[in-house]
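**Q** Give me a model of this one.
(2 chains)
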Amino acid sequence: MDDQGRGTVRAGQSDRGVRIAELVGAARQGSEDALGQLVTELSPMLWHVARAAGLSSHDAEDVLQTVWMRLVAHLDDIHTSAALTGWLVTTARREAWRVRAVERRQLPADQELFAELPDRGPGSEEQVIMDDQRHVLWTAVSRLSARCQELLRIVAFAPRPDYATVAAELGLAIGSIGPTRGRCLAKLRALLGLDAEGCPR
Amino acid sequence: MTVSDSGGLPSADEPLDDIDFGLLDDIRDMFDATDPMPADLPERIRFFLALRDLEIEVARLVAQEDQPALAVRGAELSRTITFDSDSLTIMIRIDANRDGTVRVDGWLAPPQRREIEMKTTANALTVSSDEQGRFAFVRVPRGTAQVIVRPATAGPGGAGPSVVTPALIL
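**A** Numbers count the residues shown, from 1 in each chain, chains lettered A, B, ... in the order given. So this is what the prediction gives:
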């Protein structure tokens, strides 16, 4: 899937896509610095892929290391920001599931119950004192389906032009022509009581 | 900004607009605040990537097991961790020393003599495995560590790539 001309994207975010494509090119030529910049740029997204899959912090770190190591071997096949984002998200999800399956097999029986309850929600709200606006958003996101929560959590950290790619990787294809809003964001807006103009209804 | 004709509920089929982008920004800020990626993680990954050479294999965690260590008083556990790569299986057992460090015993399969490095944030320790593939680091500081099995030199046993494990917490 290409990442060009996908309709409404803000200029800054468009630039981010172009910059990432350039970094991919430089990394393919062997630039350690370009590869490092990609790591800095896209690791937060992968962190949330792994955490949304229910991994502990420690396992999430392992998954990120593994994914970046494997990317080095696959750079030749990747040319656009969207291709990179898609490859990273898919590989990180598969690796996260694999690690989860390994851990599950080793849990004593009495912990199995907890293992059946993946940490799908946004996380522990008590950790942070949230202002009212964020609390409203938190509550609304919590009411979305697990899949929508995962999508929005990952997409929020992805380069914006790659929204459609990430959605497709998660099996939530949204529009074949351009990046349409998709039902997850539409539902969130409805839950927040925002109408089409963004005003409270 | 895209305005729907109906002026009612936002439709899933409309293009993303500034409100959507604003919401995504807010969601990012929310997760940044509640479940932030460790700030030094990208730096550690860059460090890890810099170790690589052309002949490298990444071993993957395949099993992890805790069992009470009979010889140690208190709640200390002995951990056994197994990593697999294409050419090697690395199994390590971690036991607590009384001085706060840990002892790491390891086995390589197939058994072979290799140089093995334990890289920690404090230092890097190097030992060699014996013909049975056994090796031991008697005193390793606790914290983040990584096992690197150095390439085998060409010889009767043949050459082999470096094998690295993901960072583990000792």
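**Q** Quick check: buried residues in the host helix or strand of A:Thr85?
**A** Using DSSP states H and E, the element containing A:Thr85 is helix A:81-106. Residues A:81-93, A:95-96, A:99-100, A:102-103 are the ones in helix A:81-106 that count as buried (16 or more other Cβ atoms under 10 Å in any protein chain shown). C-beta: built from backbone N, CA, C; applies to glycine.
**Q** What about chain B: which of these touch it?
**A** With Cβ under 8 Å from any Cβ of the partner chain as the criterion, the buried residues of helix A:81-106 include A:99, A:102-103 near chain B.
**Q** Reformat those as CSV; add pLDDT.
**A** Shown next, in CSV, are those (pLDDT from 0 to 100):
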residue, pLDDT
A:Val99, 90
A:Val102, 81
A:Glu103, 76
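**Q** quick one: which of these is nearest B:Ala50?
**A** A:Val99 (23.9 Å; Cβ to Cβ).
**Q** show me the contacts for the closest one.
**A** A:Val99 sits next to A:55, A:59, A:62-63, B:61 when contact means Cβ atoms under 8 Å, 6 or more residues apart in numbering or on different chains.
**Q** how near is it to A:Val67?
**A** In this view, A:Val99 and A:Val67 are 11 Å apart by Cβ to Cβ, to the nearest Å.
**Q** now swap in A:Leu152 and tell me
**A** Noted for A:Leu152: a distance of 21 Å to A:Val67, by Cβ to Cβ.
**Q** Next, the spatially most central residue of chain A: secondary structure please.
**A** Residue closest to the mean C-alpha point of chain A, counted by Cα atoms, centre = their mean, is A:Ile154 at 2.0 Å. At A:Ile154 the chain is in helix, as set by DSSP: H, G, I helix; E, B strand; the rest coil.
**Q** In contact with it, which residues are there?
**A** Counted by Cβ under 8 Å, 6+ apart, A:Ile154 has contacts A:45, A:48-49, A:52, A:89, A:166, A:170.
**Q** Could you single out the nearest of those residues to A:Gln133?
**A** A:His48 (20.8 Å).
**Q** Chain B: strands as residue ranges?
**A** For chain B, the strands defined by DSSP state E cover B:56-58, B:60-68, B:77-84, B:89-96, B:102-109, B:115-120, B:124-128, B:134-140, B:144-149, B:162-164, B:168-169.
**Q** The fourth one: partners in the sheet, and parallel or antiparallel?
**A** Same thing as strand B:89-96. Looking at strand B:89-96 with DSSP bridges, its partner strands are strand B:77-84 (antiparallel), strand B:102-109 (antiparallel).
**Q** Heading C-terminal from the helix or strand bottoming out on mean pLDDT in chain A, find the next helix or strand.
**A** Of all helical and strand segments in chain A, the minimum by mean pLDDT, DSSP states H and E falls on helix A:109-115, at a mean of 41. The helix or strand immediately downstream of helix A:109-115 is helix A:132-142, counting by DSSP H and E.
**Q** Throw the contacts of A:Val99 into TSV and include pLDDT and neighbour count, thanks.
**A** Converted to TSV, these look like this (pLDDT from 0 to 100; neighbours: other Cβ atoms under 10 Å in any protein chain shown):
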residue	pLDDT	neighbour count
A:Leu55	92	23
A:Asp59	90	22
A:Asp62	89	22
A:Val63	94	29
B:Leu61	82	20
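**Q** Give the residue spans of the chain that score low on pLDDT.
**A** All of this is about chain A. Flagging of chain A using pLDDT under 70 yields the residue ranges A:1-14, A:105-131, A:173-180, A:195-201.
**Q** oops, chain B please
**A** Low-confidence segments of chain B (pLDDT under 70): B:1-8, B:51-55, B:67-77, B:152-160.
**Q** Run through the residues that contact B:Ile116.
**A** Counting by Cβ under 8 Å, 6+ apart, B:Ile116 makes contact with B:106, B:108, B:126-129, B:135, B:147-150.
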